[in-house]
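Asker: I'd like to go over a predicted model; first the sequence, then the structure.
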Amino acid sequence: MKFFLDTADLAEIEEAASWGALAGVTTNPSLYARIGGKLEDFHAHIKRICDIVDGPVSAESVAMTRDEIIRDGLELAEIAPNVVVKIPTMVEGLAATRALADQGVSVNMTLCFSVPQAILAARAGARYVSPFIGRFDDISEDGLEQVGNIVQALNNYDFSSSTVNGEQIEVIAASVRSANHVTQAALMGADIATVPFGVLKKMVQHPLTDRGLESFMKDWEKVQNA
Ligand code: G3P
């Protein structure tokens, strides 16, 4: 499993990138709004993220028609070679994904909540598909089960003829709210988990690691004073 950071916050991205295990970043309109992002600065901000991260950076189109999404997507893809255009799973989004994939642009199909949606994304040429765990849980459904179903269904087929450069579509477990979401998504075979910085910090921690470290430090003091 690879880890992406789900944020538009440059300080978080810089910090997480310095830990050495970050493979990419995903953003969305809400995450950009959360950092006080302005419309006129959006492309420049995505460029700043791309300069920090050596990996795919998802930037979302907010257009609603296929022609507008394609135009948006081509502009976003111009920002940097590692930009991935994020497009919602809907009819216009599928059509735009096909057109962009045919032009060599990588697409992350987002707001995916079902196996049929994920298969359609794969057939339309998406490079990534993002099933949302937490938002499914929010409506008393099982978001993790849906991720497992999507991984299993996509593994049943070869989608390489549909995607950019023949690469297999990868599943990004998104809307991750806890380290346990990451554990379960990894066991189900999700290729990537995109996590908020708070979850990434919790993923590093374990009380037994803290306790073990404390006792090693105490014992080393004894060695130094011996
Ligand atoms: O990147 C999209 C997704 O991860 C959003 O998560 O917590 O807003 O449901 P959340």
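Answerer: Cool, got the structure.
Asker: contacts, neighbours, all on C-alpha from now
Answerer: OK.
Asker: of all the residues in the chain, which ones are close to the ligand?
Answerer: Within the chain, the residues that sit near the ligand (Cα under 6 Å from any ligand atom) are 6, 26-28, 134-135, 174-175.
Asker: what's stretch 135-149 in contact with?
Answerer: Stretch 135-149 is contacted by residues 113-115, 131-134, 173, 175, 181, 184-185, 188-190 when judged by Cα atoms under 8 Å, 6 or more residues apart in numbering.
Asker: ok, 6 Å please
Answerer: 133, 188 (Cα atoms under 6 Å, 6 or more residues apart in numbering).
Asker: mind checking the end-to-end distance for it?
Answerer: 16 Å (Cα to Cα, to the nearest Å).
Asker: Return the set of buried residues in it.
Answerer: By 16 or more other Cα atoms under 10 Å, the buried positions in stretch 135-149 come out as 135-136, 143-144, 146-149.
Asker: number of nearby residues for residue 7?
Answerer: 23 (other Cα atoms under 10 Å).
Asker: And for the one 5 residues further on?
Answerer: Other residues within reach of residue 12 by the criterion other Cα under 10 Å amount to 16.
Asker: how far away is it from residue 22?
Answerer: 11 Å.
Asker: Which of the buried residues of stretch 135-149 fall in helices?
Answerer: Members of the buried residues of stretch 135-149 lying in helices (criterion: DSSP state H): 135-136, 143-144, 146-149.
Asker: residues contacting the residue in the chain positioned nearest to the ligand?
Answerer: Residue nearest to the ligand within the chain (Cα to the nearest ligand atom): residue 175, separated by 3.3 Å. By Cα under 6 Å, 6+ apart, the contact list for residue 175 reads 132-134.
Asker: Can you tell me how far residue 80 is from residue 114?
Answerer: Between residue 80 and residue 114 the distance is 31 Å, computed by Cα to Cα.
Asker: So those two - more neighbours on which side?
Answerer: residue 80 (18 against 15).
Asker: phi, psi of the more buried one?
Answerer: Backbone torsions for residue 80, taken as degrees, to the nearest 10, come to phi -160, psi 160.
Asker: before we move on, what about the one 4 residues further on?
Answerer: Backbone torsions of residue 84, given as degrees, to the nearest 10, read phi -110, psi 130.
Asker: quick revisit: present the ones in helices among the buried residues of stretch 135-149 as CSV; the columns should include distance to residue 61 and pLDDT.
Answerer: As requested, these are exported to CSV (distance: Cα to Cα, whole Å; pLDDT from 0 to 100):
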residue, distance to residue 61, pLDDT
135, 20, 96
136, 22, 94
143, 24, 94
144, 26, 97
146, 25, 97
147, 23, 98
148, 27, 98
149, 27, 98
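Asker: follow-up on the earlier one: which of the contacts of residue 175 are buried, as a PyMOL select command?
Answerer: Buried members of the contacts of residue 175, defined by 16+ other Cα under 10 Å, are picked up in PyMOL with:
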select buried, resi 132+133+134
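Asker: This completes my enquiry, with thanks.
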